[in-house]
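Q: any chance you can model this:
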Amino acid sequence: ESRFLLETLRDVAALPVRGYLEMERGRWRREGDLRPVPTAEVNEAIRRADLVVTLGAPGTGGAALQTSHARGRWIWGSSGQRSGAAGDWYLSVGPATPVSGAFAGLAPDSFPPGTAIADLTPGGRDWIGMSAQAGRRGASRPALVGHDSAGVRRIVVGVEGLWRWRFQGGASEQAYRSLVSASVSWLLRGADSSAGRAYLRRDVVERGRPATFEWSGGGAPRPVEIEFSGSGPIRRDTLVFDGAGKAEVFLSPGVWRYSLRGGGEGTLVVEEYSSEWLPAPRTLVAREASASAGANRVPVRTWLSLFGLAVVAFAGEWLARRRLGLR
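A: Numbers count the residues shown, from 1 in each chain. Next comes the predicted model:
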């Protein structure tokens, strides 16, 4: 489950993703190369993450979750506890929820069923994104629940076995990718008190590419003053957000430290590298020609008498063929 989820997050979110696996109690390994890492590194990654995704019961990293400033929490499994007999739990999508649009034109109850389900108890302000039924019969139980409180958004997935959606391919794989994309989009739209009223989507961009800030404050987006320093003279600008809550700023290559008016700061790196050919100042200079001029020549096409001679020859040939009865 963790491998499929991390791969999908990297594909659809277009954000830097770090994964850690607690394969033994208190022993962490980095996802990808399974290299052992200290617990302090995991705790620091949790503390600084903008979105924290946990699978199963929180182990030694549970304490770090309490100090995390992440605006979004995505929990797969409710404290690792299963309830009910293992079986085929077929899923259906709830109406008018942040993730319902991910299943437009798709039928989740025809996808591979879940293998087990946790006992989720939604609150009065929670929304239910997916429900499950055992063998398509019986009472419907919440399988995905979302909650937004005090600027922190949370999604809890109580059903196990969704990795089989991507493993099967086809429409179920597309539904899995759409579910991850819709969930991440909703979770990251929560307010971020540590980043101010706007946050930087990517902290490293190519030369010639804009640095994109996204509105994270409450209410409708409003212009925010920003100051850049570090590479060159101090630059002051204003972030003007569009209808999607995004604002773009173009900067020269270098390491920039930015600070937002009203709180929020960070570091932005603009690389020298660019995957596109970009306009640049002209570098060619005027030089004296080194080749000598050739002798004066008159092109043949300027000889009008030659064209006249060719016309007379063709006309004579035509008259001769006519007199001989040839066509």
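
Q: the longest strand in the chain is where?
A: strand 137-149 (DSSP state E).

Q: packing partners for the next helix or strand after it?
A: Counting by DSSP states H and E, the element after strand 137-149 in chain order, helix or strand, is strand 152-157. On a contact count with 3 or more CB pairs under 8 Å, 6 or more residues apart in numbering; DSSP states H and E, strand 152-157 meets strand 72-76, strand 137-149, helix 171-188. In short, each C-beta sits where N, CA and C put it, glycine included.

Q: may I see the buried residues of stretch 135-145?
A: Buried residues in stretch 135-145, counted by 16 or more other CB atoms under 10 Å: 141-145.

Q: right, I mislabeled it, should have said stretch 223-236
A: So stretch 223-236, judged by 16+ other CB under 10 Å, has buried residues 224, 226, 228, 231, 235.

Q: so for the helix or strand containing residue 316, mean pLDDT?
A: Assigned by DSSP H and E, residue 316 belongs to helix 304-323. The average pLDDT for helix 304-323 rounds to 90.

Q: how about stretch 273-284?
A: Across stretch 273-284, pLDDT averages out at 80.

Q: what's the span of that stretch from first residue to last?
A: Distance between the two ends of stretch 273-284: 22 Å, counting by CA to CA, to the nearest Å.

Q: which residues does residue 31 contact?
A: Taking CB atoms under 8 Å, 6 or more residues apart in numbering, we find residue 31 in contact with 2-3, 6, 18-21.

Q: so residue 199: helix, strand or coil?
A: Following DSSP: H, G, I helix; E, B strand; the rest coil, residue 199 is assigned to strand.

Q: beta partners for it?
A: Beta-bridge pairing for residue 199 (DSSP bridges): residue 214.

Q: thinking again about what came up before, just checking, what packs against the helix holding residue 316?
A: By 3+ CB pairs under 8 Å, 6+ apart, helix 304-323 packs against no helix or strand.

Q: off-centre distance for it?
A: Put simply, helix 304-323 sits 73 Å off its chain's centre (CA atoms, centre = their mean, to the nearest Å).

Q: what do you get for stretch 32-48?
A: 23 Å.

Q: can you measure across that stretch, start residue to end residue?
A: Per CA to CA, stretch 32-48 runs 21 Å from first to last residue.

Q: show me the contact partners of stretch 156-172.
A: Outside stretch 156-172, the residues that reach it (CB under 8 Å, 6+ apart) are 1, 4-5, 8, 74-78, 82, 89, 91, 106, 111-120, 130, 132, 142-147, 173, 175-177, 179.
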